[in-house]
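[1] Got a predicted structure plus its sequence, pasted below:
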Amino acid sequence: MNTTDRHGIGGNSPPPDAAIESPALAYTMEEAARRAGIGRTTVYFAIRDGTLPSLKMGRSRRILHDDFIAWLRSHRTTTAA
């Protein structure tokens, strides 16, 4: 019996119809902080100072995935050679 997966690598592979998890549409402040490996207060301060857009829905607040990625990328630094 051949046990190679679709990439030609041996082992068990998920069935072809297995759901591929996509990023959430929006995150809570806690989820965003955990995903980025930063503290919640950093996320709260960014929302408060307006650098990270958020949505208020009732008493909860959410950060859209695309806004979060853009905010993270805006903090990217490069080192001089």
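    On my side now, so go ahead.

[2] which one's the longest strand in this protein?
    Ranked by residue count, the top strand of the chain under DSSP state E comes out as strand 60-64.

[3] Would you indicate which residues of that strand are buried?
    Within strand 60-64, the residues scored as buried using 16 or more other Cβ atoms under 10 Å are 61, 62, 63, 64. Every residue, glycine included, has its C-beta placed from N, CA and C.

[4] which residues touch the third one?
    Spelled out, that is residue 63. By Cβ atoms under 8 Å, 6 or more residues apart in numbering, the contact list for residue 63 reads 26, 27, 28, 29, 32, 43, 47, 52, 53, 54, 55.

[5] Show me where the protein has its helices.
    Using DSSP state H, the helices found in the chain span residues 29-36, 40-48, 65-74.

[6] which non-adjacent residue is nearest the residue nearest the centre of the chain?
    For the chain, residue 35 is the residue whose C-alpha lies nearest the centre (Cα atoms, centre = their mean; 5.6 Å). Closest residue to residue 35 apart from its sequence neighbours, by Cβ to Cβ, 6 or more residues apart in numbering: residue 27 at 6.8 Å.

[7] thinking residue 55 is in contact with residue 26, fair?
    Yes - at 6.8 Å, residue 55 counts as touching residue 26 under the criterion of Cβ atoms under 8 Å.
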